[in-house]
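In: Model the following, please.
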Amino acid sequence: MAIRVYADTSVFGGVFDLGIDQASREFFEQIGQGRFELVTSNVVADELVLAPERVRLQFETFLPSADLVVPSPQALALQQAYMQAGIVTAKWATDALHVALAAVSHCKIIVSWNFKHIVHFDKIPLYNGVNLINGYDTLSINTPAEVITYED
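Out: Got it, this is the predicted structure:
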């Protein structure tokens, strides 16, 4: 059974960034192999408008098989709860929205290369605490390198 995973904008661009490109590519390969069920959002699409064409094409390649979610009132309320808890400021509201969309969409994992506002050891328990207080499950918050299967 595929694991439901939300991928934020950084993962699509990561395919072309030296140092994280291999893990990002392998993550998308494992989506194709059925290990992961890809969830992404129109927030990612909006962030990619000004991205290089190859990054937009990476997103568009996986869009037909992805569950594309949109900010619902529940996701926006959870985003606000993260900001009220001081996890991120309003300047980084979009990062909080990615996490909220993953939680509200019943993902098990959110993958990101955003170490400042998402994949950070100080923030992960705070996001999950707010999730629990608001009736959502906790999320595993990881980089693609941490969730892919490696061959021996």
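In: Give me the helices and strands touching the helix or strand in which L57 is found, please.
Out: According to DSSP states H and E, L57 maps onto helix 53-62. On a contact count with 3 or more Cβ pairs under 8 Å, 6 or more residues apart in numbering; DSSP states H and E, helix 53-62 meets helix 9-14, helix 21-32, strand 36-41. Every residue, glycine included, has its C-beta placed from N, CA and C.
In: and after that helix, which helix or strand comes next?
Out: strand 67-69.
In: what's that following strand in contact with?
Out: Strand 67-69 is contacted by residues R4, E37, L38, V39, T40, S41, N42, A45, A75, L101, V104, S105 when judged by Cβ atoms under 8 Å, 6 or more residues apart in numbering.
In: ok, back up a step: what residues does the helix holding L57 touch?
Out: Taking Cβ under 8 Å, 6+ apart as the rule, helix 53-62 contacts F12, G13, V15, F16, F28, I31, L38, T40, V44, A45, L48, V49.
In: neighbours around the third one, how many?
Out: Residues near V15, counting by other Cβ atoms under 10 Å, number 21.
In: For the contacts of strand 67-69, which single residue is the most surrounded?
Out: For the contacts of strand 67-69, neighbours tallied by other Cβ under 10 Å; top is L101, 28 neighbours.
In: where's that one relative to R54, distance?
Out: As judged by Cβ to Cβ, to the nearest Å, L101 and R54 stand 24 Å apart.
In: quick one: average confidence on stretch 13-31?
Out: Across stretch 13-31, pLDDT averages out at 96.
In: Between its first and last residues, how far does that stretch reach?
Out: Stretch 13-31 has its terminal residues 16 Å apart, counting by Cα to Cα, to the nearest Å.
In: In contact with the closest residue to N114 other than its chain neighbours: list those residues for me.
Out: The shortest distance from N114 to any residue other than its chain neighbours is 5.2 Å, reached at S10 (Cβ to Cβ, 6 or more residues apart in numbering). Applying Cβ under 8 Å, 6+ apart, we find S10 in contact with S112, W113, N114.
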